[in-house]
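> Structure, please.
(chains A and B)
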Amino acid sequence: MSALSQVGFEDRMATVEFRVAPDAHIVVDGDQCRGCTTRECVTACPAHLFVPTADGGILFNYEECFECGTCYMVCNRAGAISWRYPEGGCGVVFRRG
Amino acid sequence: MSPQTFDAVVVGAGPAGSAAALEIARAGRSVALIERGPFPGAKNMFGGVVYGRILDTLVPGWWEQAPVQRWVTRRATMVMTPTQALTIDYRTDSWSRPPYNGATVYRADFDPWLAGLAQDAGAELICSTTVTGLIREASGRVRGVRTDRPDGEITAQVVLACDGVNSFLAKEAGLYPHADPGHFTLGVKEVLALPREEIDTRFGLSGLEGADFEIMGCTGDIPGGGFLYTNLDTLSVGVVLRLTGLTKSGRRPEEVIAGMKSHPVIAPLVAGAELKEYSGHLIPEGGYDAMPQLSGDGILVAGDAAALTLAAGIWLEGVNFAIGSGAAAGATAADALAKGDTGPAALSAYRRRLEGNFVLADHRKLRRAPDFILSERVQHRYPAMVCGLVEDLYTVTNPQPKPGGLRAARRQMRKAGVTLWDLARDGWTAWRTFG
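The predicted structure is shown next:
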């Protein structure tokens, strides 16, 4: 975390309501990510859902997703991120959006 | 089980979808309004201001019933560098009474209100239902949608894709073949709680008066801008960042907000406020030249799905364009249904309607604005030059004589790396864009 941020990232995300769907609505193709050097998704995702792993892959968590679409828009590799909307009624619920 | 059938199906109960469903229902047609969130607005966030003029004819006296936080009576535009800030600060009484100008709202309040009006007019609102694709005839003609509910097919004479910035439906229909990340920005926002009286004191407000600050030069090397709006007992503080610049910078979005909040003119306004909600959303900022096709065979596209947000410097508007385009799409669909023809020629009347009112007229007039506003000189060099010039003029240099405006301007242009040629061509672009 940057010294500028006053709230830790977990506390930041704890302010948002998520109704987690049973199935992941985003699927990341780990093989494609291992060859990627730019990793746009890691820094751009506002919910910080993409984390690089020691073996050069990407660890991904769909549960606290804002459903914004930034990750697939910035991804350079066609098909590395498969993205759809979560099941109806599930996912993020903004109260003061 | 046979699919449910309506005259029209509207996908997405945001401002575009609800305005569309309202018009179709008022025309006496059956219409389904499908929302994937548990309630309208659950998936939506924006900076915070709705401009209500578009509601005057749609919902007369809307200000008596709309769920508003504060009425904007003070608008400030700030140009800053990390250590300097120049603010144009405007306040008027006339925006504090009907018919008002702008209002801060929460989408979880505003969107259900608008959807409720469509329901009252006869639209069937179906929440917690995700549309998974289009139903199409062999000819390609759109005849309805598939949803993720059991037996979830809904057929209709016309589908209105009001499904937001990612519009999978416009893409599936082939109306939006190339969504270029350079035309999208990421908006991230913090809603920060402060006692209502404290907000009134810090911003010089009383009653339901509200403030709207828009900020340039606060996003470092990432093209974009910042905002600060007052709600009743919270502040909405955030930044809008061009995706391509964000990824190049390697900075995280929440760090950019933190940087803006630590600026000497912003820090005292947000000091001690507690984070109540963090959120993010994409914004289609490509303008007139980056829009999808607005209609096809049995389908119309409105709101963010049609890339109808205006990001043109002092004008940052989206909800009014969503309502305006949604209402026009709804009226076009109702006309087409009355004539029994929802084919591509009949639905192309939608674009003509939009060309004839503010929705496309404003976008066409300001088509050069997005690239101009996000250009390197407007983002960085001019803020530094203007702040430096004002500092030179305000600084008393005794015993040196005063520098004179022209000499100070030349000095600051040199410091900021701005040439006369830059000023001439950007002045010309600004004149053609905003004149």
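
> going forward, measure contacts and count neighbours with C-alpha atoms only.
Will do.

> quick one: contacts for the residue nearest the centre of chain A?
Residue closest to the mean C-alpha point of chain A, counted by C-alpha atoms, centre = their mean, is residue A:49 at 3.2 Å. Residues in contact with residue A:49, defined by C-alpha atoms under 8 Å, 6 or more residues apart in numbering or on different chains, are A:42, A:60, A:61, A:62, A:64, A:65.

> mind listing what's buried in the helix or strand residue B:117 falls within?
Assigning secondary structure by DSSP states H and E places residue B:117 in helix B:107-120. Applying a neighbour-count criterion of 16 or more other C-alpha atoms under 10 Å in any protein chain shown, the buried positions in helix B:107-120 are B:107-119.

> near chain A, which of these show up?
For chain A, the contacts drawn from the buried residues of helix B:107-120 by C-alpha under 8 Å from any C-alpha of the partner chain are B:107, B:108.

> contacts for the helix holding residue B:117?
Taking C-alpha under 8 Å, 6+ apart as the rule, helix B:107-120 contacts A:94-97, B:13-15, B:18-19, B:21-23, B:25, B:39-42, B:44-46, B:66-68, B:125.

> pretty sure residue B:39 contacts residue B:128?
Yes. Applying C-alpha atoms under 8 Å as the test, residue B:39 and residue B:128 come out as touching, 7.3 Å apart.

> among the helices and strands of chain B, which has the poorest mean pLDDT?
Within chain B, no helix or strand scores below strand B:310-312, which has a mean of 88 by mean pLDDT, DSSP states H and E.

> on contacts alone, who are the packing partners of that one?
Packing partners of strand B:310-312 (3 or more C-alpha pairs under 8 Å, 6 or more residues apart in numbering or on different chains; DSSP states H and E): strand B:315-317, helix B:369-373.

> Parallel or antiparallel, list what pairs with it.
strand B:315-317 (antiparallel) (DSSP bridges).

> of the buried residues of helix B:107-120, closest to residue B:243?
Nearest to residue B:243 among the buried residues of helix B:107-120 is residue B:107, at 23.5 Å by C-alpha to C-alpha.

> about what we covered before: out of the contacts of residue A:49, which one sits closest to residue B:217?
residue A:42 (24.6 Å).

> before we move on, back to that, any idea which of the buried residues of helix B:107-120 is the one closest to residue B:376?
residue B:107 (32.6 Å).

> What about the contacts of helix B:107-120, which are in strands?
residue B:125 (DSSP state E).

> Take the contacts of helix B:107-120 and keep only those in helices.
Secondary structure from DSSP state H places B:15, B:18, B:19, B:21, B:22, B:23, B:25 of the contacts of helix B:107-120 in helices.

> neighbour-wise, which of those residues leads?
residue B:21 (40 neighbours; other C-alpha atoms under 10 Å in any protein chain shown).

> State the distance from the nearest residue to that one once chain neighbours are set aside to residue B:154.
Spatial nearest neighbour of residue B:21, chain neighbours left out: residue B:118 (5.8 Å); criterion: C-alpha to C-alpha, 6 or more residues apart in numbering or on different chains. Distance of residue B:118 to residue B:154, given as C-alpha to C-alpha, to the nearest Å: 19 Å.

> cool, residue A:96 as well?
Distance from residue A:96 to residue B:154, by C-alpha to C-alpha: 31 Å.

> The two - which one has more neighbours?
Neighbours per residue (other C-alpha under 10 Å) separate residue A:96 from residue B:154, with residue A:96 holding more: 25 against 22.

> And for the more buried one, nearest residue in space, chain neighbours not counted?
residue B:106 (5.0 Å).

> tell me the contacts of that neighbour?
Per C-alpha under 8 Å, 6+ apart, neighbours of residue B:106: A:95, A:96, A:97, B:45, B:48, B:68, B:69.

> Can you read off the pLDDT for it?
At residue B:106, the predicted lDDT confidence score is 98.

> And residue A:6, by the same measure?
66.

> Find the centremost residue of chain B, please.
residue B:318 (3.0 Å).

> How about that one, nearest residue that isn't a chain neighbour?
Nearest one to residue B:318, counting by C-alpha to C-alpha, 6+ apart, is residue B:309 at 4.4 Å.

> ok, now how distant is the one you found from residue B:362?
10 Å.

> Those two: which is more packed in?
residue B:309 (26 against 16).

> and the gap between that one and residue B:185?
Distance from residue B:309 to residue B:185, by C-alpha to C-alpha: 11 Å.

> Check residue A:9 too.
22 Å.

> Neighbour count for these two, which is higher?
residue B:185 (24 against 13).

> pretty sure the more buried one belongs to a helix, no?
No. Residue B:185 is assigned strand when assessed by DSSP: H, G, I helix; E, B strand; the rest coil, not a helix.

> so what's it bridging to?
residue B:242, residue B:283.

> Now the phi/psi pair for residue B:189, please.
phi -140, psi 140 (degrees, to the nearest 10).

> And the residue lying closest to residue B:353 once chain neighbours are set aside, what's its pLDDT?
Leaving aside its chain neighbours, residue B:353 sits nearest to residue B:328 (6.5 Å; criterion: C-alpha to C-alpha, 6+ apart). Per-residue confidence (pLDDT) for residue B:328: 98.

> before we move on, the earlier item: least confident pick among the contacts of residue B:106?
Comparing these by pLDDT, residue B:48 comes last, at 93.

> quick one: low-confidence parts of chain A?
A:1-6 (pLDDT under 70).

> now do 90
A:1-7, A:30-38, A:53-60, A:76-79 (pLDDT under 90).

> How about chain B?
B:1-3, B:151, B:177-179, B:311-315, B:403-405, B:433-435.

> Break it down into its domains, please.
Structural domains annotated on chain B: B:4-67+B:106-176+B:292-367, B:182-284, B:375-434, as defined by automatic domain parsing.

> roughly how far out does the last one sit from the chain middle?
Here domain B:375-434 is found 30 Å from its chain centre; the criterion is C-alpha atoms, centre = their mean, to the nearest Å.

> Now the terminal residues of it, how far apart.
Span of domain B:375-434 from end to end, C-alpha to C-alpha: 16 Å.

> Chain B contacts on chain A?
A:2, A:4-6, A:12-13, A:15-16, A:40-41, A:43-46, A:66-70, A:73-74, A:85-97.

> ok, back up a step: between the ones in helices among the contacts of helix B:107-120, which is nearest chain A?
Closest approach to chain A among those (C-alpha to the nearest C-alpha): residue B:15, at 13.6 Å.

> just to revisit the earlier point, filter the contacts of residue B:106 down to the buried ones, PyMOL style.
One line in PyMOL is enough to select the buried members of the contacts of residue B:106, burial here meaning 16+ other C-alpha under 10 Å:
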select buried, (chain A and resi 95+96+97) or (chain B and resi 45+48+68+69)
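
> can you tell me which residues contact residue B:213?
B:75, B:76, B:77, B:78, B:227, B:228, B:229.

> buried stuff in stretch B:347-362?
Counting neighbours by 16+ other C-alpha under 10 Å, stretch B:347-362 gives B:347, B:348, B:349, B:350, B:351, B:353, B:354, B:358, B:359, B:360, B:362 as buried.

> so what's the fifth one closest to, chain neighbours aside?
It refers to residue B:351. Closest to residue B:351 by C-alpha to C-alpha, 6+ apart is residue B:294, at 6.7 Å.

> Phi and psi next, for the one you found.
phi -90, psi -20.

> now do residue B:235
Dihedral angles (degrees, to the nearest 10) for residue B:235: phi -110, psi 140.

> Show me the beta-bridge partners of residue B:161.
residue B:11, residue B:301.

> ah, wrong one, I meant residue B:225
Beta-bridge pairing of residue B:225 under DSSP bridges involves residue B:240.

> wait, doesn't it sit right on residue B:219?
Yes. Counting by C-alpha under 8 Å, residue B:219 is a contact partner of residue B:225 at 6.1 Å.

> residues shared between the contacts of those two?
Counting by C-alpha under 8 Å, 6+ apart, the residues touching both residue B:225 and residue B:219 are B:239, B:241.
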